[in-house]
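Novice: could you look at this predicted model? Sequence included:
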Amino acid sequence: MPFSPATPATPASPTRRTLLRTAAAASTLTTAAALPLHPTPANAAPQPSRGTELVLLGTSGGPVPMHGRAGIGSALVVDGRAYLVDCGPGIFGRYAQAWLTAEQLTAIFVTHLHSDHLSDLYALLWLRFGGYQPLGGPVHVYGPGSAGNLPATWPKGRSVRTVCPSEPAPGTEDLIAGHIAATAYDINVRMRSEGWPDIRTLIRPHDVRFPLPKTAGPRKLMAPPMEPFEVMRDDRVRVTAVLVEHPPVFPSFAYRFDTADGSVVFSGDTAPCGNVARLARGADVLVHEVMDLETLALGGLKPAQLRHMEISHTDATRVGPLAERAGVGTLVLSHLVPGATNIVDDSTWHTKASKGYSGRVVVGRDLARLPVGARRG
């Protein structure tokens, strides 16, 4: 990918190499068009209450803000109820911009416990548990349990320290409990002065429990071949999951949502993984993370850092064959690394992801919406 001639960078017009280096740095912190979707206008009316719709809230990978995209987060809206997958930086605001209300929020599914996938998780719940436009009822939060111990060090030879030696790898239930304890002053004051409810009655965290393959673990295989397991179900949706390949993080999940209208799979962060193809078999939509390794290399990542990206994420040129093998109808690209819209354009993402895939490719943009299937019966 050629560069423009180098010019002195200014705050108003950074050079392309500066942008690439920024994107590359952001990706190391996390490790993150034909028939495009269209963002919903700011003055658009709320969506119909029946059917299934995928709403891309944020589509960038990495905790560092990226031009044109918020952090990762998606909503599947089923008969007017919202099921979120990941809550990265900026999702609290994007949720409201998508015309979704706190009352609609039913459940949140966290793919893994990296900061760029959960930074806005508690903010969304904490700032909406009472007062103006509060949560409509208990919101269930599903995510990884404790890994049991920390993964091996990277790079090798670096000294290891743990902030809390007695509990180095807390899971989702402990994460929420810690947030509530840390914000107890605000919660207690608002309960007394404004009559807000007890937040503990409105947030129901769940460590996802599943039959762990004998060869799986933080110091074993990240995602050995396995059959999907059920996480939850209600009268609108059934959610299943598998382990995915995102070293050194364990466990890390992909989720599948089956509704009366169709099925949507979210890969989470992962290298190309047979478990994802198995989970997504015959799905209507696969929302899969992608990176542009070529651009990251041009941005100045060191060989060891590039290798880390290779084994933990999926290059755009490799996602098409996986989607083809799964037989999915539409491939939606999200968790884009680099996510800045002024570094890699949509046509480049689309071209690379289309290689080896005969279905429809959609390059994810924040606040884009995609109807899923059609109501049967």
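Specialist: Done, it's in.
Novice: which residue comes closest to residue 295 once chain neighbours are left out?
Specialist: residue 344 (5.7 Å; CB to CB, 6 or more residues apart in numbering). Any C-beta I mention is one placed from the backbone N, CA and C, and that applies to glycine too.
Novice: what pLDDT does the one you found get?
Specialist: Residue 344 carries a pLDDT value of 95.
Novice: in contact with it, which residues?
Specialist: 292, 295, 336, 338 (CB atoms under 8 Å, 6 or more residues apart in numbering).
Novice: mind redoing it with 7 Å?
Specialist: Counting by CB atoms under 7 Å, 6 or more residues apart in numbering, residue 344 touches 292, 295, 338.
Novice: pull the number of nearby residues for the first one.
Specialist: As a burial measure, residue 292 scores 23 neighbours (other CB atoms under 10 Å).
Novice: so it touches residue 316, yeah?
Specialist: Yes. The pair residue 292 / residue 316 is scored as a contact, 5.7 Å apart, by CB atoms under 7 Å.
Novice: and stretch 138-150, end to end?
Specialist: With CA to CA, to the nearest Å as the measure, stretch 138-150 spans 32 Å from end to end.
Novice: correction: stretch 323-338
Specialist: Across stretch 323-338, the terminal residues are separated by 21 Å (CA to CA).
Novice: how distant is that stretch from the center of its chain?
Specialist: Relative to its chain's centre, stretch 323-338 lies at 13 Å (CA atoms, centre = their mean, to the nearest Å).
Novice: buried residues in it?
Specialist: 323-326, 328-338 (16 or more other CB atoms under 10 Å).
Novice: same question, stretch 66-73
Specialist: 66, 69-73.
Novice: circling back: which pair of the buried residues of stretch 323-338 spans the longest distance?
Specialist: Using CB to CB, the pair of the buried residues of stretch 323-338 lying farthest apart is 329 and 338, separated by 27.7 Å.
Novice: could I get the phi/psi values of the nearest residue to residue 355 once chain neighbours are set aside?
Specialist: Closest residue to residue 355 apart from its sequence neighbours, by CB to CB, 6+ apart: residue 320 at 4.9 Å. Dihedral pair for residue 320: phi -60, psi -50, per degrees, to the nearest 10.
Novice: quick one: residue 320 from residue 252, how far?
Specialist: 22 Å (CB to CB, to the nearest Å).
Novice: which one of those two has more residues nearby?
Specialist: The neighbour comparison of residue 320 against residue 252 (other CB under 10 Å) goes to residue 252, with 27 against 20.
Novice: pretty sure the more buried one is touching residue 110, no?
Specialist: No. Residue 252 is beyond contact range of residue 110, at 9.9 Å (criterion: CB under 7 Å).
Novice: pretty sure residue 147 is touching residue 218, no?
Specialist: Yes. The pair residue 147 / residue 218 is scored as a contact, 4.5 Å apart, by CB under 7 Å.
Novice: what is in contact with those two at once?
Specialist: Jointly contacting residue 147 and residue 218 under the rule CB under 7 Å, 6+ apart are residue 250.
Novice: tell me where the protein has helices.
Specialist: For the chain, the helices defined by DSSP state H cover 16-30, 91-97, 115-118, 121-126, 172-182, 184-193, 274-279, 293-298, 303-312, 316-326, 346-354.
Novice: returning to what we had before: residue 362: which of the contacts of residue 344 is nearest?
Specialist: Taking the contacts of residue 344 together and measuring to residue 362 by CB to CB, the closest member is residue 292, at 16.7 Å.
Novice: so that closest one versus residue 324, what's the distance?
Specialist: 20 Å.
Novice: all strands of the protein, in order?
Specialist: 52-58, 73-78, 81-85, 105-109, 139-144, 203-208, 229-233, 238-243, 253-258, 263-266, 285-291, 330-337, 360-363, 368-371 (DSSP state E).
Novice: residue 272: how many residues sit nearby?
Specialist: Residue 272: 18 neighbours (other CB under 10 Å).
Novice: now it: how far from residue 304?
Specialist: On the measure of CB to CB, residue 272 and residue 304 end up 20 Å apart.
Novice: how about stretch 184-192: buried residues?
Specialist: Of all the residues in stretch 184-192, those buried under the rule 16+ other CB under 10 Å are 187, 190.
Novice: how far away from the center of its chain is that stretch?
Specialist: With CA atoms, centre = their mean, you get 31 Å for stretch 184-192.
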